[in-house]
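K.L.:
Here is a sequence together with a model predicted from it:
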Amino acid sequence: MENNNAPTIEITVAEYTELVRAKLGIDMIGSSLGKYGPDDSVVKAVCKPFGYEYKEDGDDA
C-alpha cells in the first residue's frame with residue numbers, strides 16, 4: 001500500500017545511483033559480520049546509521 005502522505009524529495013539520477021551503491025555496500029559489509037574475526041564493532045558502527053540491524057547467531061534458530 002502506498003503512503004500518499006509521506007514526504008518526498010527530488011534528487012538527480014546520479015545521486016540516486018550513489019545512494020543505491022552505498023546501500024549495496026552497507027548490505028555487503030553487514031553480511032560479513034562475524035566472518036572475519038570476533039571483533040565486529042567497527043563494522044557494526046559503520047552499518048548502524050544505515051539501518052542495518054545485527055542479529056545474534058542464536059536468533060534464527
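P.N.:
Noted; the coordinates are in hand. Since this is a predicted model, take the numbers as computed values, not measurements. Residues are numbered from 1 along each chain as shown.
K.L.:
Can you tell me how far I26 is from P7?
P.N.:
I26 sits 23 Å away from P7, going by Cβ to Cβ, to the nearest Å. All C-beta spots, glycine's among them, are computed from the backbone N, C-alpha and C.
K.L.:
Of those two, which one has the most company?
P.N.:
Taking other Cβ atoms under 10 Å, I26 and P7 do not tie; I26 has more neighbours (18 against 5).
K.L.:
And the contacts of whichever strand or helix holds the more buried one?
P.N.:
For I26, the enclosing helix or strand under DSSP states H and E is helix 13-31. Residues from elsewhere that reach helix 13-31, judged by Cβ atoms under 8 Å, 6 or more residues apart in numbering: 11, 43, 46-47, 50, 52, 54.
K.L.:
in it, what's buried?
P.N.:
Of the residues in helix 13-31, those scored as buried under the neighbour-count criterion (16 or more other Cβ atoms under 10 Å) are 26, 29-30.
K.L.:
avg pLDDT for it?
P.N.:
Confidence over helix 13-31 (mean pLDDT, whole number) is 87.
K.L.:
give the contact list for the residue lying closest to L33 once chain neighbours are set aside.
P.N.:
Across the structure, with Cβ to Cβ, 6 or more residues apart in numbering as the measure, the residue nearest L33 apart from its sequence neighbours is D40 (4.9 Å). D40 is in contact with 33-34, 54, counting by Cβ under 8 Å, 6+ apart.
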